[in-house]
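Asker: model the following, please.
(chains A and B)
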Amino acid sequence: GENVEQHPSTLSVQEGDSAVIKCTYSDSASNYFPWYKQELGKRPQLIIDIRSNVGEKKDQRIAVTLNKTAKHFSLHITETQPEDSAVYFCAASNTGTASKLTFGTGTRLQVTL
Amino acid sequence: NAGVTQTPKFQVLKTGQSMTLQCAQDMNHNSMYWYRQDPGMGLRLIYYSASEGTTDKGEVPNGYNVSRLNKREFSLRLESAAPSQTSVYFCASSARAPNTEAFFGQGTRLTVV
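Answerer: Purely as a prediction, here's the structure:
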């Protein structure tokens, strides 16, 4: 089955700096790569996703890049703000008939003033 | 439009007791999922239902059973709870590809003593 590795496990940046979180996956059949943000005690919520036919996607301060050859994808957050502090999860799936997501172990991002 | 609703939000069980976690979605999604979240391990898929009438095992199915009651509802049953099943449980749902974003419920925090 699919295996997703995520690094780093914790990341501390100053407000205004950029943050980068990296993930690798093992199954070349995976074609959907979402990123979820989870605040303390809350449910995971999708912040951005990318499909295997696209190399990069951007939404305001958030961008995701995908390298299918190397089987890795990254989340980039620019101009970080205190409200970006949360745990971020990457995931991968082969959509097929169902989006069974395999998650990374999470990155706790702390944005300090 | 409530999205994905789980009950209960909190539960304490004694070892050996049984219980059913309920999940319902009002987005007319075909696929539904149960994940568990443990510290440092991300979310792991327990069971999923690609469509009404079908269920399949995920990564960590042992000790659990599921029922896809109808298109809206997908329940998770613990027949004989064990301390190792102490976790936060999330139900999720998604539409057919390519609209594969998974929407999560608010979670159930289960403690088995």
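Asker: out of everything not next to it in sequence, what's closest to residue 20?
Answerer: You didn't say which chain, so I picked chain A. In space, and not counting its chain neighbours, residue A:20 is closest to residue A:76: 5.4 Å by C-beta to C-beta, 6 or more residues apart in numbering or on different chains. From N, CA and C alone the C-beta is placed, and that goes for glycine too.
Asker: my question was about chain B, not that one.
Answerer: Excluding the flanking residues, the one nearest residue B:20 by C-beta to C-beta, 6+ apart is residue B:77, at 4.7 Å.
Asker: can you say which helix or strand has that neighbour in it?
Answerer: Assessed by DSSP states H and E, residue B:77 sits inside strand B:74-78.
Asker: what strands line up against that strand, and which way round?
Answerer: When pairing is defined by DSSP bridges, strand B:74-78 lines up against strand B:19-25 (antiparallel), strand B:64-68 (antiparallel).
Asker: pull the number of nearby residues for the closest residue to residue B:112 other than its chain neighbours.
Answerer: The spatially closest residue to residue B:112, leaving aside those adjacent along the chain, is residue B:81, at 4.5 Å (C-beta to C-beta, 6+ apart). For residue B:81, the neighbour count with other C-beta atoms under 10 Å in any protein chain shown is 21.
Asker: and for the one 4 residues further on?
Answerer: Taking other C-beta under 10 Å as the criterion, the count of residues near residue B:85 is 19.
Asker: just the C-alphas of stretch A:38-50, formatted as CSV.
Answerer: Provided in CSV are the C-alpha atoms of stretch A:38-50 (Å, rounded to 0.1, in the frame of the first residue of the first chain):
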residue,chain,number,x,y,z
GLN,A,38,-5.9,21.0,11.8
GLU,A,39,-6.3,23.5,14.7
LEU,A,40,-6.2,22.2,18.2
GLY,A,41,-9.3,20.1,19.0
LYS,A,42,-10.8,20.7,15.5
ARG,A,43,-11.4,18.6,12.4
PRO,A,44,-8.9,18.6,9.5
GLN,A,45,-9.8,21.1,6.8
LEU,A,46,-8.6,21.1,3.3
ILE,A,47,-6.4,24.1,2.4
ILE,A,48,-5.1,23.2,-1.0
ASP,A,49,-4.8,20.1,-3.2
ILE,A,50,-3.0,19.1,-6.4
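Asker: can you tell if it touches chain B?
Answerer: Yes. Contact of stretch A:38-50 with chain B (C-beta under 8 Å from any C-beta of the partner chain) involves A:42-46, A:49.
Asker: returning to what we had before: please identify the helix or strand for the residue nearest to residue A:20.
Answerer: Residue A:76 is part of strand A:72-77 when elements are defined by DSSP H and E.
Asker: that strand pairs with which strands?
Answerer: With DSSP bridges as the test, strand A:72-77 is paired with strand A:19-25 (antiparallel), strand A:62-67 (antiparallel).
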